[in-house]
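[1] would you be able to build a 3D model of this:
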Amino acid sequence: MEEAFRGLIDFVREHQAWAAPVVLVLAFGESLAFISLVVPAWGALVAIGALVGASGISFWPVWLGAALGASLGDWLSYWFGYRYKDSVAQMWPLSKFPGLLLRGEDFVQKWGVPSIFIGRFFGPLRASVPLAAGIFEMPYWHFQIANVLSALVWSAVLLLFGDALSIGANWLVRSI
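    Predicted coordinates for the structure are as follows:
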């Protein structure tokens, strides 16, 4: 997996025009309940954030691509939970992690709409909270507003964290 992400990052470095679409797909996969459990893409998103500052890739299209991908992933997870309700827990890969959906359900029951925003920032919850919101039929627009706002913040945090790491590494190299 690490080698595949390294190749993808090299591709973005060489073909900067593809940065936003690549980040959109990565953020979608990272936010989609089933895929995020088997293909964690947050590290690649941070690495591409480092490229943004180091290579002059425009931040805004990459940020919007990441936010759009993350929003779509959570929306599809919400829809899947809404549509398939209790049978979701028996589907792979969630069937391999029985406690994950229960934690997401508990979190949504306890925190309501803010759980969408908070859950985006915690890996295992990111995979289960939108599903649980759909299962419990959280009002659609309440979910979507929290989904889009959290996706904008989450994607900015990941990309800017990568950029800060790049700046820090450059400063350290120059200082030594």
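[2] only C-alpha atoms from now on, for both contacts and neighbour counts.
    OK.
[3] packing partners of the lowest-mean-pLDDT helix or strand in the chain?
    Here the helix or strand of the chain ranked lowest by mean pLDDT, DSSP states H and E is helix 33-38, holding a mean of 78. With contacts taken as 3 or more Cα pairs under 8 Å, 6 or more residues apart in numbering; DSSP states H and E, helix 33-38 sits against helix 19-31, helix 59-84, helix 123-135.
[4] for the ones you listed, which one sits closest to A41?
    helix 19-31 (5.5 Å; Cα to Cα).
[5] what mean pLDDT does the closest one have?
    Helix 19-31 carries an average pLDDT of 94.
[6] just to revisit the earlier point, contacts for the least confident helix or strand of the chain, please.
    Contacts with helix 33-38, where a contact means Cα atoms under 8 Å, 6 or more residues apart in numbering, come from 29-30, 73-74, 77, 92-94, 124, 126-128, 130-131.
[7] please repeat the previous calculation with a cut-off of 7 Å.
    By Cα atoms under 7 Å, 6 or more residues apart in numbering, the surrounding residues in contact with helix 33-38 are G29, E30, S77, P93, A127, S128.
[8] by how many degrees do the longest helix anywhere in the chain and helix 59-84 diverge?
    Ordering each helix of the chain by length in residues (DSSP state H) puts helix 140-175 first. Relative orientation of helix 140-175 versus helix 59-84 (axes from the mean of the first three to the mean of the last three Cα atoms, to 10 degrees): 140 degrees.
[9] ok, now which ones touch the residue nearest to P114 when sequence neighbours are not counted?
    Nearest residue to P114 in three dimensions, chain neighbours excluded: A146, at 7.1 Å (Cα to Cα, 6 or more residues apart in numbering). The contact partners of A146, by Cα under 7 Å, 6+ apart, come to V113, I116, F117.
[10] can we see that at 10 Å?
    Counting by Cα atoms under 10 Å, 6 or more residues apart in numbering, A146 touches S71, V113, P114, S115, I116, F117, I118, R120.
[11] out of those residues, which is most surrounded?
    Taking other Cα atoms under 10 Å as the neighbour criterion, I116 ranks highest of these with 30 neighbours.
[12] ok, that one touching P130?
    Yes: taking Cα atoms under 10 Å as the definition, I116 is a contact partner of P130 at 6.8 Å.
[13] who touches both of these two?
    With Cα under 10 Å, 6+ apart, I116 and P130 have common neighbours D74, V108, F143, N147.
[14] can you pick the most crowded of those residues?
    D74 (31 neighbours).
[15] just how off-centre is stretch 88-104 within its chain?
    18 Å (Cα atoms, centre = their mean, to the nearest Å).
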